[in-house]
Structure formats: C-alpha cells, structure tokens
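Peer 1: Next come a sequence and a model predicted from it.
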There are 4 protein chains.
Amino acid sequence: MKTIKDSVHDHIEVEGVARALFDTPAVQRLRRIKQLGTAHLVYPSANHTRFEHSLGVYHLACEALDHLGIRGKQAERVRAAAILHDVGHCPYSHSIEGVVHRHTGKYHDDVHELLADSEVGDVLRDHGHNPDTVADLIAGDGKLGQLVSGELDVDRMDYLVRDAHHTGVPYGTIDHSRLVRELTLIDGELVLGEGNVPTAESLLLARALMNPTVYNHHVTRIARGLLQQASERLLEVSDVTAERLRRMDDYDLLVALRETPETEEYARRLSDRDLYKRAVWAEMADVPESVIDADYETLREYEADIAAAAQVEPGEVIVEVLDRPSMTESESRVIVNGEIRRLDEQSALVAALQHVQREQWRLGVYAPAEATEAVGHAAERVLGLETDGALVNDVRTTGTRTTLDQF
Amino acid sequence: MKTIKDSVHDHIEVEGVARALFDTPAVQRLRRIKQLGTAHLVYPSANHTRFEHSLGVYHLACEALDHLGIRGKQAERVRAAAILHDVGHCPYSHSIEGVVHRHTGKYHDDVHELLADSEVGDVLRDHGHNPDTVADLIAGDGKLGQLVSGELDVDRMDYLVRDAHHTGVPYGTIDHSRLVRELTLIDGELVLGEGNVPTAESLLLARALMNPTVYNHHVTRIARGLLQQASERLLEVSDVTAERLRRMDDYDLLVALRETPETEEYARRLSDRDLYKRAVWAEMADVPESVIDADYETLREYEADIAAAAQVEPGEVIVEVLDRPSMTESESRVIVNGEIRRLDEQSALVAALQHVQREQWRLGVYAPAEATEAVGHAAERVLGLETDGALVNDVRTTGTRTTLDQF
Amino acid sequence: MKTIKDSVHDHIEVEGVARALFDTPAVQRLRRIKQLGTAHLVYPSANHTRFEHSLGVYHLACEALDHLGIRGKQAERVRAAAILHDVGHCPYSHSIEGVVHRHTGKYHDDVHELLADSEVGDVLRDHGHNPDTVADLIAGDGKLGQLVSGELDVDRMDYLVRDAHHTGVPYGTIDHSRLVRELTLIDGELVLGEGNVPTAESLLLARALMNPTVYNHHVTRIARGLLQQASERLLEVSDVTAERLRRMDDYDLLVALRETPETEEYARRLSDRDLYKRAVWAEMADVPESVIDADYETLREYEADIAAAAQVEPGEVIVEVLDRPSMTESESRVIVNGEIRRLDEQSALVAALQHVQREQWRLGVYAPAEATEAVGHAAERVLGLETDGALVNDVRTTGTRTTLDQF
Amino acid sequence: MKTIKDSVHDHIEVEGVARALFDTPAVQRLRRIKQLGTAHLVYPSANHTRFEHSLGVYHLACEALDHLGIRGKQAERVRAAAILHDVGHCPYSHSIEGVVHRHTGKYHDDVHELLADSEVGDVLRDHGHNPDTVADLIAGDGKLGQLVSGELDVDRMDYLVRDAHHTGVPYGTIDHSRLVRELTLIDGELVLGEGNVPTAESLLLARALMNPTVYNHHVTRIARGLLQQASERLLEVSDVTAERLRRMDDYDLLVALRETPETEEYARRLSDRDLYKRAVWAEMADVPESVIDADYETLREYEADIAAAAQVEPGEVIVEVLDRPSMTESESRVIVNGEIRRLDEQSALVAALQHVQREQWRLGVYAPAEATEAVGHAAERVLGLETDGALVNDVRTTGTRTTLDQF
C-alpha cells in the first residue's frame, strides 16, 4: 500500500489496481493538464492539475463506497472509474473541449476507445475488469455511475473544494465529508439522508457562486476564446490532427502554438497575459434569440462581419456565446420527513438557480485593447443587440469594474 | 500599540481609545459570554466568546474605514462602536435575550445607559467622544451606523467566518476581506461596488445555510428553551433581578441556577447534556396562525394545558415558536452596470431567501425523552396542528435524523 | 452510531461504549474546563475545552489502533482510556493542579477511584471492562498505555494541533495524521517507522516552540500564579475542601472566588484582566540553586519576606519557580536503516532540547503594577539573585517586550 | 490600483511600478516555472509557480517596509527587487541551476544584464530607478538587500508557508506575519525584536524539517538528477545554447527534451514518472572525503566507471553529491534582554542545525529499477564506500521505507 499526500484531503492510500492505474502514462499525463484551464490568469495560484483532482475523486469515491457498504469487485470498478474519469480531457481541460468535439465527435467523458486501447486497458483486464464497463461508469451509466457522474457525484465535491483551496475564493468550501457520509442508495438511486437539505443546497449554491467568480470570470473567458481560436487555426495550418490535439498535454499545445508562425502571436498573448479586452458584455435580455442559438459557423461569420465593419484584422474579433442555461443538476434527491423529494421541489434556493444562470449569462465580444471601441460599435450593429447607447457604453467603455481581472 | 493574535484574523493592532476600551470590565466581561449560547452542545468546539468576536468586528471596521477613506474622530467613533457593539448582551448571548427584554424592555443593542454610566463612558469622554453618539451607532443610526449594524455590517462578516472556524461547519466561510474592500459610500448609503453580486449573495446565503445547521439546530433550540424557562423561574423564585440577570456572565448564571433549588434540575440537564427531546417539530403550513402569532403568556398557557393533558409536571413542556420570517437584510445595495440596485431585485437567489425562511421555520414542542409520546399527542390537540396522524408520527416518534445532534 | 463535528478533525464517529462514556456527567463536565487554563488571557481565542480535546484524542486513538491492527476488547479499552484520560483534571486544567496535589496527593491522571465510583465505572463494567485496567492505561501503564500517555502519545498529537488552531500560533501544526500512520509496535514498544526522523522531531520541536509562546507565556504564568494563590486562600477560609475543589468546573471555581470576601479581589483581577506584572524575570544562571529547588513552604516564606521588605500587603507578591527541566520525552524511538534508535541519539535537534529547556526557564516574581519596582528590589535581596543592577532593571523596569501580552 | 487574490496571503494590492513590472514578459514567464521543480512528483499538489511566490514576496516586503517605516523611492526599489528576485531562474527552478551555472557562469540571482536589457529595465528607468541598483538588492547587497536576500528575508518567509500550503506538509507553517512585524533595523542591520527567539527559531527549524521531507526527498532528487543529465545532453546534441536554456520555461524544456531523439527517453521517464531508483543512499560518515568533494568532471567519470563495472549503458547511472553543509543563516540576529545577539549563540536549537545538516546529508546513486542491484555493488567499489555489506543491502535493496515516494 502506498500513501500520497494531497493538499486538500491529506493522506490518500492507494493499492492494487488503483496503484497500477495511477502509474499508467494516461493518468500521469493529467499532471500536465491544468484543472482550470485559463483561470490561473485571473487567480495566479490556480495551477492545480487534473491529476491531483483525480486523486481526490478517487479518495472521495473510496469514502462514499465505504459508507454505502459497497465492497469487492463492484467497488473496485467504481474506484477505477473515479481515477480514470478525466483521462479523456484534452489540454487546458474544458477550454478547448468544444474544438476537439467538433472535429472528433468526442467529449472528455467518452473514453471507451481510450481505455480499451491503452496500457490502462491492460491494467484493468489484468485485474479482471472490462474496460467498457468502467467507461460506462465514467459516462454516468448504471446505478453506481451516478457516484462518478451525476447530480451528487464525488467529482463535483472534489473540484469545488480544490478550486477554492487553490484560487483562494472561499465559495467552493462545501462540507464534502458530510456529503459523502450522507449518501444512501434507495431503489438504485443515490439520495441524501434526512436532515440534509442545507448540505445539498450548499453543493449547488457553491457552484452558482464559483461560476461568475472563477469558472466564467471574463478574463478566464477571454483567454479561453483566444485559446480556442488558436487551436482551430493550428488544426488548419499545421499537420497537427484533432486526434493528436486531443491527446496533447498543456506543454505540447503551448509549444506547438509557439512554433507555428500562424499561431505564434496567440501563444505570445497567452504567455505574456497580453489578452484581448471586452468590446461587448451583454445580458441575455439584450441579445437576439438568433444570436444566442447561433451555431459555430454562424458565429465565425459574425466575427468576420464585425472585423470587416470595424476595419480590424480577421482574428482580432472573438464572439463568445455560452450555452443556454440548463439545470438537470437540481434534480438531486434528498429525504425530507421520510420521503424522497427532488431538491428543486423542496428548496426555494435551488429552484431559483435556473433564474440565476440567466442572470449570470453574458454574451462576450473581445478584441485587442486598442480596437474595443470600434469592434463594440460594429458588434452592436452586426449582432443586432437591443441596447440603448448607454448599455453599449456602460459595458464597453466603462466595463464592469472587477477587482481581480488584472493577472 | 499592542498586537493581539486572533485565530481568525491573525494579528490585530489596538491603540489609544480602542486599547483603553478593551481594558474596561464591561468589554472584558464578554470573555465569559459564549458567542453561540447553547450551540456548543451540538458543536463541541463552539466555545468562542463575544470578546474575540468584538475584536474581530473592530478589526474589520478598521479595514472598512480605511478602504472608505474615513479617518480621524469620526472613524475612531465607529471603531469604538465596533468594540462596544455587544456589551449589552446578557449571558448566553441571544439565548435569553427575550427573557431579559420582557422584564427590562431592553435588547442587547440598547446601550445608552450602559455606556454613559460605566467606566466605558469615562474612557469615551476622556477621548472626546459622547457615549450617546457611540450608542446611536451601535443601534445602527446615522450614515456610518450601517457599518456596525446594517445589511452589510462588519458584525455579520465576522460572526459568519468565526462561527464556521469554531463549529467546523464551512458554510459561513465568506470572502470577508473582499466584502470589506468593496464597500463604498454613495449618497450616504453603503453599497457594494460593481461586479459584486456574488460577493453580496454569498453573505446572505451563508446565513441561510448556517441557520438550520447551527443557529437554529434543534438541539441548540431545545437547550435554549430550557435556559429560558430556567431563567424565568430564577427571576420568580430568587432575589436575582432582571437588571442583575442582564449583567451576569455565563458563569454567574449557570452557578445561580445550580444554587437555586427550583432551577437546580435545569442546571443539571444543561451541564450533563441530558436535554429534552422533540415531541413536535412542525412546518409552518401545519400550524394555525393563532399559534404562530401567540404572545408570551398564551404560549405559557399552551404549555400548562399540554402538560395537564399529557399528565406530566408543569415545566416538562416547552413550546417554542420562532418569529415569522422577515427579510430586511436582502435590501443590501450593489452596483450593477453603473446603477445602484437592491440585491433582492437583482438576484434570484436573494429573492428566494424569504421563501427559504418559511421552509426552515419549525414549531418545536420539547419534553423529557420518556414523555415525548404523550406530550406530542397532547400538543397536537391543544395547539390544533393540522396534521394527519402520519405527520405527528413522522415528526415525533422518528424525528428527523440529524447526525450532529448528540453532543 | 453518532457523528460529531470537530473543528480540528472534522467528523468523528462514536458508538457503543464510547458513546455511553461521552454521555456521562464526568466527561460532560470537561466542557466547562478550559484546555489551556489562563492562556486565553493572552490568546483570546483559546477557549477550547478538555471535552473537545478528549474527543480528538479518542479520534486519533481510533486511527492509531486501526493502523496498528489492534481490534476487539483490547482496542475498546484503549479508546475508553483516550476518552477518559482527562476526567481527573481540576478546574483550569494544569493551572491549579499543584494546589490540588498538595492537598489530595493526586495528579490529574490518578483516576482509579474516580473511574470506579462514578457512573463511568458503571458504563465500563456494563461493557465488560474493569475500571482499574482503564485507569492503568491512563497512567501510561502497559504496552498500549504508551499510546495514551507516553513519548509518542495521541494526547500530545491532539493538543499541539488544537492549541495551534485556537490560539492562532502556528507552531503546533504537526503532521498528526502521518504520526498516527507511522506508529508500529515492535517487541511491545511503540516506535516510528523508517524515514520518520523529521516526523518525530517535529513533534518535540512543536512543543519546544509552543512552551514559551503559549504554555509558559509570562501572562499565562502570572494569571496562573494568581489563581493558585486564590485557590489556596479559598481552601483556607471557606468550607470548600480540596476534594470538592478537584471536582469543580471553571464556572464553580470562579464564582466561588467571587462569593468569598477573602478571594473576591483575585476573581476581579482575573475577570477584568487586571493582572500583576513582572517584578523579576530571571534566567536560570542568575538564580541560586537553593531557590530553584525550594519547596512550597519555603517559597511562601520568600513571598512573605519580600512583601515585608517591599512594604506591600502579603498576597501582593507571587514567587513562581518552574520545575527543573527534564527530558524523558526525547526517548521516543524511531527506525533508522532498519534499527530501532532513540531519537535523542539520532537527532541533533532533539538532543539540543534539554539545553532549550534551560534557556527558556525563568524565575518569575509578580506584583501589582504599582509595586513592581519595590518588590523587584526586595526580591533581588531576599532570593539572592546573582545579578548586576542592570539585569534587575532590564527585567523589571523595561521587561522583555512581548507583543502579545496585553490581552 | 489592482487587487490580486493569492491562495496564501489572500488579497494583494499592486499599483504603479509594481503593477507595470508584474505585466512584463520576464515576470509573466515565472507563471510557467514550477516553484519546486521536481517535487510535484512526490507531492502531486506542488504545482505552484515562481510567479505566485514572487507576488507573495512582494506582499511581505510591502508589510515589512511598512512596519520598518521605510517609504518613498527607497521602499519602491525594494518592492521592485522583491517582484524581480526570481526572474533569473531557469526552467524547473533550482533543479538545473548547476547546469546553467557551469555553462554561463550565472546563478539565478545574478540579474544585472537581464534587468538592464529587457522590458523590465525600461519600466524601472521610466519610474526613475537604476536597474543595477535593483539587481544589487536582489543579490543581497546594501542595507535593505538583507530583506530580499539574507538570513531573515521575506523570500524564505513566503516560500516556507507557500510550499507547506501546496505540498500539504505542515512543517513550513511559520508565523510569517509576526516575523514581518518584528523586524527592526539597528545600525543598518536587520534584527528581530525582543521576545522573538522562538519566532526566529521557527524559521530555521521549518527549513530543517522541510529539507528532507520536501526539498531533498529522494524522489525529488532522483528526478532532478534525470533532468540535469537530460539538460546536459540537450546542450551537447542540439542547437540549444546554455543562454537559451537559461531563458526557457518549463514548457519549452520538456518539449525540447521530447523532440530531441537523444533526450526523448528522459522526457518519457519524467512524464510517466518512471524514474530511476536508489542504488546507494549513504550517510556522510560512510563516504570518502574525496567523493564528497569531487568536482563535476570527476563525478561524471565515477558514473562512467560504475556503468562499465555494472555493465549497464552510460546514462543509466547518476551519482549525486550534495554540497557540504554550511550554515550562514543561523547568524540571524535577535534582541535578548536589550542586547543584539546572534541566534546561534542564543539558541541551542539553532546551534544544533549544523549537525542536523550532516545527519540529513546523503550520497545518492540512482539507476533504472532493474539495475539497482548491479549498480549498487559497482558503486560501492568505485566510490570506495566504507560500508559493511549490511549497509549496502539495507540502503540498496530494501531502501528506507518512505511512504510518500510513489507519485
């Protein structure tokens, strides 16, 4: 048995198949993929990786399984899924997941091939596990798949606490050890035991507060936009394939961008933190439905049109539209007075979260600092933003004052 | 200048009038008043006192004043108010504040006489301050009174973080140092600067989560009910006056209860943590309006009637009704896109908090463990609870399973 | 099974005999005994109690037993000893332990009678344990007694971390979870496994740093001196017996001192933090051997002589002599290159600790602020301190500047 | 003014020249240099960078200057030096500093040219500072150079606390905010005020405990050895110059090693954490003086001789010899009873530290796992280690069991 020291959960013990899995190149690669992609440009301490997160998810899975009384091969399989749940991530985690998905059809949790074909598959088979079954768990399938990927999964419990520890933003500080203790399986469904409405609420509220502050901070988003544009360009102009891109680590990608003349400037901007600025930052009510729902190609056309109208180079305009809010996660179940109830039916706070996502939603248009004025005006016309002049000015020229956007 | 080490804010510097105030018996007395009254019977580490809290509030007031650019005598007065804001507390803080108020007409923030007549008044006058003006600030009056007692006051910022540190419940972990930095005075009103909707939300959500988990945990409430009944009895049977009770510390009160034959059993129950149990724990929808709004005397009559019906001793039934929810606090103001907006108009989460208070509200009827069955049935009839039998059974006999109620 | 939330170790589970023991009045009493006696007068947050500490020691004992592979009745007995190891403490913990010992012959870990005669004994016997065997473990006897009271015991691991958490002084922050994991039993002796020289060193160094900063801070010592003198006086003039004193809690003792005219002034000084000041603070080299080794009565005569010489009231002089340094604790054993070695033979740091204790040793003479000048001069003569005038002046009139001594 | 959130010091404010310096490419580059080089292979959370450390050093410098009452241009210059003190670091910090020094003659704190020639120099000159003067401060010259690089510098205060936070090893948790407050300048020398012997001791002890546990953990050392050998090879076989190597970041170097056939295997071993193992791990007493003092070329010859004797490939043996212990740092000065005293004369603990360094010193010989047996025997003969067979076996084949060496 081996013991690893984690800055969040302290000592974590690994043995058997778990230990062998952590030793595979596919899992070791996660040491070089930042958990929060570009958020370290806002929060300089946020350099934690998918590797330590996977270790934490494994640890919480062990604890949850223990409390649920699940042991043996079935538990071992869930623990394997916990360790492996992020091996499908591309460099910079979610930042360029959309780019990879467009070209390969795969999201990070689609890992059937990956598990089957790599050394990971050998380790699993050597220990009597079918790689496909583990990949199913990672995709959230099956009764215990919920524990790895579901409304009350240990993935979220770990990342909220870990991201809080490393950014210094306290909103993610949930009571993970209580959550893990209070999980129960009733009729094949994961629910939280009696008296845990606040425990469940805190999990969802933590995410609602971390979203605008960390995960979708506008500087995180701008850098993400640059990285996406750069990655698309890299696929166009170099011999890097989408499959290769998917399996790079952060190191490979940044150096590839540096070494390719067409993307070198993106690499410089990201390295020197010489980012684009917001030209538009618009609330949902002010954005036409057609823009909110525009597909990838349409957005690229908008960018070209705006660039032309503002007389800047193509590539100097980024239009970024977040997905429409969806709230499957508030379907967590919790026992109240002996009955299983859906959390959003029990909790006014959770019921409000769908509105919150709408409040927090913003359309972003980004451009080099010296071009935001021109690009902002052009974007207003091209996108048909329903604003009075004031809004454009408020958003564009004064911006929202946010104290943490400088680094 | 002197430096004091605090477990929450680390080093805190005091000098001049602040130092002299901390040295007065009235402030030193706060060392012997637990911040959370009876909550240490649920969370054994929650033994922190009003003294260290006052130190923390002073510290945050210093920081806020600094960021607001307020200096000189005006700032000194606010700092004095921060130090003194809790000197009016009776033993066990809010636990018996209702008892003291009924007999003296005074709540803990009504301190004009206290400041004027004690050594505190001398210190203030020696440094050129009018004790009455400081007492006004403590009551929340005046432009800067909001900083000491208002929707965004430093009192709340300190206690949430401190209570989290000492209970181990993480929900109070707000970003207090950001809050303090982001306060601005606009037209004499304290508002949070642009980009701080989540900062403000987190403050209110922290309280919404701490309420059921800590401040109104049912064991905290049961012990509080015993302490209230014991204090009333002490006033009746001993020569302790309400004014004397108000100025006791925790030590005086517990020993007085021990030394008085009629209250000795209460002291024993509180000391040995041999508390009453819930006989009824009913949601607002199941309780008649007349009970919710009943005055003190009526509640005592209910208790007598229930005791008679259940054939237990008077004093073996406690009926505890929380105040109806009120939500003045969500009127915090925050700047969004350059405009001052009310937080509850801007934030769906905060708007939901009024509903949350209704969800969390519970009527409690408590009795010795062996009598909860009989008392529960009697209470159902006497109070006219609109329940089917199931509810009474659910609540009474099984109770809600709460893992932290044993100590 | 029940779960209790601790601010240091998070969730702690108790069941069976452990749960029953925590529910006894003897253990619940520890909620009203401050872990650090008078240190809260230096570190205002240090209000933690022997109860939460006992909970922590129980928790670490569970973990250590688990790692050692010890189960069943034997383990249950050690856990019981961990819970009960401090029930023999008198009010204010070690502060007046000397007083109690002089009058009763008992230290806090001499609990055979206590366990046998109280409800604790009933609980133990009901679960098939002999109270005497448990009392033996508390005294450190037997192979597993070392775990409760020995060089590497869980008692020390808990208190160092807990005292750091509550004072805010970081020096006690040891790696307790590594210590607990690395314990091994070899030939009936508790040793630390290979590679743990720094782990063991850190435990002893933590104490060496906490001693002058917290446990023997001069303000802690002065208040302790006042409390000792007050307790002796209480035994003389009131009907409080030494046996009764031993079983009081902090609340009883403070109120008893208040209600007894002869000790009322001590209670006031302690309550208002209006303490004596240092008149002399002398290093070991400057103090005659006869003074260092003087017995209790001789010290009281010195006090009387100094008071007479300085023309102050008896009771206005306190002479406090710490025990001569002893270092049994550096005999911890640790495996180095496969051999069991004594830590003080392996580690230069630990070998240096005996010298450290000499360096830190100070003789203190304390008196009311206005009398320190006169008392200092008188003490110099009466005690025959080998000083040049300078030393006395340095120590007495300027004192050592310590930033944390004001509260 | 801008505010940055740091996971260790919370909010840090930057403005003016400081803000401009943080925005330079030379400082932004530090975001891509791990603070602890290869230690993240032992402690997976140790991914913090020189950038956040520089931010922390800047913050502590601000606080120290404030307490020292130093303001204006002189203070601004020290703050600039704090920000820039690590811009001279090569990739992986100290790991390959020796390699770079051999080829360029420069250590990381030799930055006169770097500051003069880059954008950093422009920023400094624009704000009226001479880059050379700032470089002098970074080298520790001048009265205030001690604050940036000296026995009591803010560099060490930050890294100990930060490394503890990110590794999870608590030994670095010193009281940095007390240290910063207690610094005084007396006759141009930085000393700690009265009552701070434990404060100063804790700083040195923290390092003594962090050394074997983190900085010189054998896995850190083995990976460092691989990285050094790989870098030397890269300089030999590729067109990467030593000057270019010095200015790479971690990303550049790892990818360069990957892309160069002769170093590709090193990159794979480091990426997959498929490291060499210890073949020899010998205490100082067992190693001939001539080996301890051997120069670079001699050590390479030893490696070749051992490889030949063990019949393994050249490059499959690493001989690593740490420098002989030196202890300039215990010359910190502290005031005791009004006199300035050297810490090592006052403190038995600090005086013991020189011995500690000897105790902790180890010669390491590393080789691929399957070759440690053969390489160990060969090394014993070639290096003339004075061991009985037992030692070689203990060290080589069983090794010291260290629980944290797996990841």
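Peer 2: Perfect, thanks for sending it.

Peer 1: looking at this, residue A:91 is in a strand?
Peer 2: No. With DSSP: H, G, I helix; E, B strand; the rest coil as the criterion, residue A:91 is coil rather than part of a strand.

Peer 1: quick one: the closest residue to it other than its chain neighbours and residue D:289, what's the gap?
Peer 2: For residue A:91, ignoring the flanking residues on the chain, the nearest one in space by CB to CB, 6 or more residues apart in numbering or on different chains is residue A:253 at 4.2 Å. C-beta coordinates here come from the backbone N, C-alpha and C atoms, glycine included. Separation of residue A:253 from residue D:289 (CB to CB, to the nearest Å) stands at 49 Å.

Peer 1: neighbour-wise, which of these two wins?
Peer 2: Ranked by neighbour count (other CB atoms under 10 Å in any protein chain shown), residue A:253 and residue D:289 place residue A:253 first, with 26 against 9.

Peer 1: Just confirm that one contacts residue A:228, I think it does.
Peer 2: No. At 11.7 Å, residue A:253 and residue A:228 do not qualify as touching, with contact defined as CB atoms under 8 Å.

Peer 1: In this structure residue A:155 contacts residue A:57, no?
Peer 2: Yes. Residue A:155 is within contact range of residue A:57, at 5.4 Å (criterion: CB under 8 Å).

Peer 1: Near the closest residue to residue A:94 other than its chain neighbours, how many other residues are there?
Peer 2: Nearest non-adjacent residue to residue A:94, counting by CB to CB, 6+ apart: residue A:37, 6.1 Å away. Neighbours of residue A:37 under the rule other CB under 10 Å: 23.

Peer 1: Need phi/psi at residue A:37.
Peer 2: phi 50, psi -110 (degrees, to the nearest 10).

Peer 1: how about the helices of the stretch 201-350 of chain A, start to end?
Peer 2: Using DSSP state H, counting those that start in this stretch, the helices of the stretch 201-350 of chain A run over A:218-237, A:242-247, A:250-259, A:264-272, A:289-292, A:296-310, A:343-346, A:348-351.

Peer 1: State the pLDDT value of residue A:328.
Peer 2: At residue A:328, the model reports a pLDDT of 61.

Peer 1: Identify each buried residue in stretch A:347-365, please.
Peer 2: Within stretch A:347-365, the residues scored as buried using 16 or more other CB atoms under 10 Å in any protein chain shown are A:347-353, A:355-357, A:359-365.

Peer 1: near chain B too, which of those residues?
Peer 2: A:347, A:348, A:349, A:351, A:352, A:353, A:355, A:356, A:359 (CB under 8 Å from any CB of the partner chain).

Peer 1: Just send those residues back as CSV, with distance to chain D and pLDDT too.
Peer 2: What follows is these, written out as CSV (distance: CB to the nearest CB, whole Å; pLDDT from 0 to 100):
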residue, distance to chain D, pLDDT
A:347, 30, 89
A:348, 31, 89
A:349, 26, 89
A:351, 31, 87
A:352, 27, 88
A:353, 25, 85
A:355, 27, 87
A:356, 22, 88
A:359, 23, 87
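
Peer 1: Dump the residues you listed into JSON lines; add distance to residue C:337 as well.
Peer 2: Putting these into JSON lines (distance: CB to CB, whole Å) gives the following:
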{"residue": "A:347", "distance to residue C:337": "59"}
{"residue": "A:348", "distance to residue C:337": "64"}
{"residue": "A:349", "distance to residue C:337": "59"}
{"residue": "A:351", "distance to residue C:337": "63"}
{"residue": "A:352", "distance to residue C:337": "63"}
{"residue": "A:353", "distance to residue C:337": "59"}
{"residue": "A:355", "distance to residue C:337": "65"}
{"residue": "A:356", "distance to residue C:337": "60"}
{"residue": "A:359", "distance to residue C:337": "63"}
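
Peer 1: Farthest pair within those?
Peer 2: A:347 and A:359 (17.9 Å; CB to CB).

Peer 1: Tabulate the CA atom coordinates of stretch A:145-164 in CSV.
Peer 2: Extracted C-alpha coordinates of stretch A:145-164, given in CSV (Å, rounded to 0.1, in the frame of the first residue of the first chain):
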residue,chain,number,x,y,z
GLY,A,145,-22.3,5.7,-12.4
GLN,A,146,-24.2,8.4,-10.6
LEU,A,147,-21.5,8.5,-8.0
VAL,A,148,-18.9,9.3,-10.6
SER,A,149,-21.0,11.4,-12.8
GLY,A,150,-24.4,12.6,-11.6
GLU,A,151,-26.1,15.3,-9.6
LEU,A,152,-24.4,14.3,-6.3
ASP,A,153,-21.1,12.9,-7.7
VAL,A,154,-17.8,12.9,-6.0
ASP,A,155,-16.3,14.7,-9.0
ARG,A,156,-18.1,17.9,-8.1
MET,A,157,-17.4,17.6,-4.4
ASP,A,158,-13.7,17.4,-5.0
TYR,A,159,-13.4,20.2,-7.6
LEU,A,160,-15.4,22.7,-5.6
VAL,A,161,-13.2,22.3,-2.6
ARG,A,162,-10.0,22.0,-4.5
ASP,A,163,-10.7,25.0,-6.7
ALA,A,164,-11.5,27.1,-3.6
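
Peer 1: centre of the chain versus it, how much separation?
Peer 2: 12 Å (CA atoms, centre = their mean, to the nearest Å).

Peer 1: can that stretch be found next to chain C?
Peer 2: No. Under the criterion of CB under 8 Å from any CB, chain C is not reached by stretch A:145-164; the shortest gap measures 12.1 Å.

Peer 1: Tell me if that stretch is near chain D.
Peer 2: No. Looking at stretch A:145-164 against chain D by CB under 8 Å from any CB, there are no contacts, and the closest approach is 8.7 Å.

Peer 1: what mean pLDDT would you report for that stretch?
Peer 2: 94.

Peer 1: Name the spans of chain A whose pLDDT lies under the cut-off.
Peer 2: When residues are selected by pLDDT under 70, those of chain A lie in A:327-330, A:387-407.

Peer 1: ok, the most centrally placed residue in it to residue A:166 distance?
Peer 2: With distances taken as CA atoms, centre = their mean, residue A:94 lies nearest the centre of chain A, 4.6 Å away. Using CB to CB, residue A:94 is found at 16 Å from residue A:166.

Peer 1: Repeat that for residue A:194.
Peer 2: Per CB to CB, residue A:194 is found 34 Å from residue A:166.

Peer 1: Tell me which of these two has more neighbours.
Peer 2: Shown here are residue A:194 and residue A:166; by other CB under 10 Å, residue A:166 has more neighbours (29 against 20).

Peer 1: tell me the contacts of the more buried one?
Peer 2: For residue A:166, the contact set (CB atoms under 8 Å, 6 or more residues apart in numbering or on different chains) comprises A:35, A:36, A:43, A:45, A:46, A:47, A:48, D:7.

Peer 1: before we move on, what SS does the second one have?
Peer 2: This points to residue A:36. coil.

Peer 1: what's the burial count for it?
Peer 2: Residue A:36 has 27 neighbouring residues, counting by other CB under 10 Å.
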